[in-house]
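A.B. asks: Predicted model and sequence follow; I will ask about them next.
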Amino acid sequence: MASLSTQSYKGTRDFYPAEKRVQNYIFDVWRRVSERFGYDEYGAPLLEPLDIYAAKSGQEIVNEQTYQFVDRGGRNVAIRPEMTPTIARMVAGRQQELGYPARLYSIANFMRYERPQKGREREFWQLNTDIFGVDGVAADAEIIRLADTVMQEFGAGRDMYTIRINNRDLINFMMAQYLRLDAVQSQLMIKLFDRKNKITPEQFRDQAAEIFDSEYAAEGLKKIAKLVGATTMAELPQEILGSEAVKEVQQLFTLLAEAKITNAKFDITLMRGFDYYTGMVFEVYDNHPDNNRSMYGGGRYDGLVTLFGGVPTSVVGMGMGGTTVEEFLRGHNLLPELTSTTDIYMIVLGDVQKQAEKVADELREEGVNVAVDITDRKVDKQIKSAVKMQIPYLMFVGEKEVEDDVYRLKDVKSETELAVGVARIVTTVKDYRKGRSDDDF
RNA sequence: GCGGAUGUAGCUCAGUUGGUUAGAGCGUCUGUUUGUGGCACAGAAGGCCGUGGGUUCAAGUCCCAUCAUUCGCCCCA
């Protein structure tokens, strides 16, 4: 019989300790920053009734890209492909009981039946943060600040990423009033704007011309040229500058400037999942030349709570994927050196196994994580195991040491070695851990 | 769903116009070394050359199919 494959299921990853450490590092930053902004963690089931996605997203995307099945009771269920419908459902379910503004976050895994490629997997992890119950731009600004602080916490410089911001009301105004497009034409134009960076300017112009009514095409193209040429709001055509939506965007930028976010840019061509966003939309772009792409984003999507029978509730949220963040960190060399959560690997020399276990227990009671070698191997083998497991300290325990209650503690990275007692070992390890987490500030 | 690239040792890869018994580096294991890893030296293990079929006296090499990996397109809640 042929042996089973060791490969993980298509589009999913195994997290061996080395990879899990990276993931945990990312999750720790997410959790720390979310909680620092006053967000409370929530959890939710991996499975949801299929129809909560069908109601929100297009039927097509649900059929083609969700993992779905009929359960033993005949119910159509889906593995969650995103968190937004779930949190909308949860908020609608306890609408009266929650305090507002309700600030909520989760770190959860999702599955989408897609063709895996760079930065995209079938199973992925996301941070989702949402603030419910605030209409004004203050909520928009807070979500963007949160997204930005996460990047700062990862050690990113402002030159490494750009926050692009647009507004759906402004898009609507631009399409209908300024470019004089009907609903169908607007949809086409939005799709085209979305593709703008993937096609040549000539292709963009030609395809735009086809969308306009033929008698209006020439004027329409001129107007689009003005739009696309605008790199700041001030350069926008006068007709658009006078709209209500622009004022809102300007207020938002004022708030961001006060928060010293200098890498936020207005981008009239940013479209992002137009179907259910109702106000501000934003995306964070990686500026690295090899990975110049949208990493994550979010926006305002008032109205989703009403799908579950709730009263209309304003929401601003974002979702940040672990895969793209990891690529960003690797690309900009921002990942710290991560060691095992085991602090000490105890190397046992000679016939002192029982005594070694006793010392290990003393250390454990003080909160030190200790693995004791129980193989009775030669020293070099024991050391090699510990180094492979990326354990930061080695501790040598032999007859001499047991007798004196003084042990040799070796720092694997610096190769320095001290002869010290248990108390000193505890403080050394704790200082090491503290230094590690201080790196993030 | 569409297109490109790639599948040879645990990993990264070499392998000539088809020609005898399958190659390197790294890693692993053993020893030099019964209390200190990374270095050095000596040795060893490890391969259905992704899978199935075809062409041929002869296939890792050529052809077809298939599966997988990967990059892009579509899409991206």
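C.D. replies: Looks like it came in fine.

A.B. asks: Alongside RNA strand B, which residues does the stretch 251-400 of chain A contribute?
C.D. replies: Residues of the stretch 251-400 of chain A lying near RNA strand B by CB under 7 Å from any atom of the strand: A:272-273, A:275, A:319, A:349-350, A:378-381, A:383-384, A:387-388, A:394, A:396, A:398-400. All C-beta atoms are positioned from the backbone trio N, CA, C, and that covers glycine.

A.B. asks: Now, those that are in helices?
C.D. replies: A:379-381, A:383-384, A:387-388, A:399-400 (DSSP state H).

A.B. asks: quick revisit: among the residues of the stretch 251-400 of chain A next to RNA strand B, name the buried ones.
C.D. replies: A:272, A:319, A:349, A:383, A:394, A:396, A:398 (16 or more other CB atoms under 10 Å).

A.B. asks: can you count the residues close to the spatially closest residue to residue A:288 that is not a sequence neighbour?
C.D. replies: Nearest residue to residue A:288, sequence neighbours excluded (CB to CB, 6 or more residues apart in numbering): residue A:331, at 4.5 Å. Neighbour count of residue A:331, defined by other CB atoms under 10 Å: 15.

A.B. asks: Now do the SS call for residue A:156.
C.D. replies: With DSSP: H, G, I helix; E, B strand; the rest coil as the basis, residue A:156 sits in coil.

A.B. asks: Could you pull up the contacting residues of the nearest residue to residue A:133 once chain neighbours are set aside?
C.D. replies: Nearest in space to residue A:133, with sequence neighbours left out and distances taken as CB to CB, 6+ apart, is residue A:100 at 3.5 Å. By CB atoms under 8 Å, 6 or more residues apart in numbering, residue A:100 lies in contact with A:132-134.

A.B. asks: Now render the residues you listed as a markdown table, adding pLDDT and distance to RNA strand B.
C.D. replies: Shown next, in a markdown table, are the contacts of residue A:100 (pLDDT from 0 to 100; distance: CB to the nearest atom of the strand, whole Å):
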| residue | pLDDT | distance to RNA strand B |
| --- | --- | --- |
| A:132 | 97 | 16 |
| A:133 | 96 | 20 |
| A:134 | 95 | 20 |
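
A.B. asks: what about chain A, any weak spots by pLDDT?
C.D. replies: Residue ranges of chain A with pLDDT under 70: A:1-3, A:56-59, A:273-274, A:437-441.

A.B. asks: Pop the domain breakdown of it in here.
C.D. replies: Domain ranges of chain A: A:17-331, A:344-438, per automatic domain parsing.

A.B. asks: who wins for proximity to residue A:338 among those?
C.D. replies: Proximity to residue A:338 (CB to CB) singles out domain A:17-331 among the domains of chain A, at 4.1 Å.

A.B. asks: and the closest one, how far out from the chain's middle?
C.D. replies: Remark: domain A:17-331 is offset 12 Å from the chain centroid, using CA atoms, centre = their mean, to the nearest Å.

A.B. asks: Would you mind measuring the gap between the ends of that domain?
C.D. replies: Separation of the first and last residues of domain A:17-331 by CA to CA, to the nearest Å is 21 Å.

A.B. asks: just stretch A:154-163 next, same as before
C.D. replies: Length of stretch A:154-163, first residue to last, CA to CA: 16 Å.

A.B. asks: Contacts for that stretch, please.
C.D. replies: By CB under 8 Å, 6+ apart, stretch A:154-163 touches A:29, A:144, A:147-148, A:151, A:261-265, A:282-288, A:295, A:325, A:328-329, A:332, A:334, A:440.

A.B. asks: Tell me which of the residues you listed fall in helices.
C.D. replies: Under the assignment DSSP H, the contacts of stretch A:154-163 contribute A:29, A:144, A:147-148, A:151, A:325, A:328-329 to helices.

A.B. asks: Strands of the stretch 201-350 of chain A, residue ranges please.
C.D. replies: Secondary structure of the stretch 201-350 of chain A (DSSP state E, counting those that start in this stretch): strands at A:264-266, A:280-286, A:294-300, A:315-321, A:344-348.

A.B. asks: Kindly state which of the ones you listed is positioned closest to residue A:254.
C.D. replies: Closest among the strands of the stretch 201-350 of chain A, once you apply CB to CB, is strand A:264-266, at 11.0 Å.
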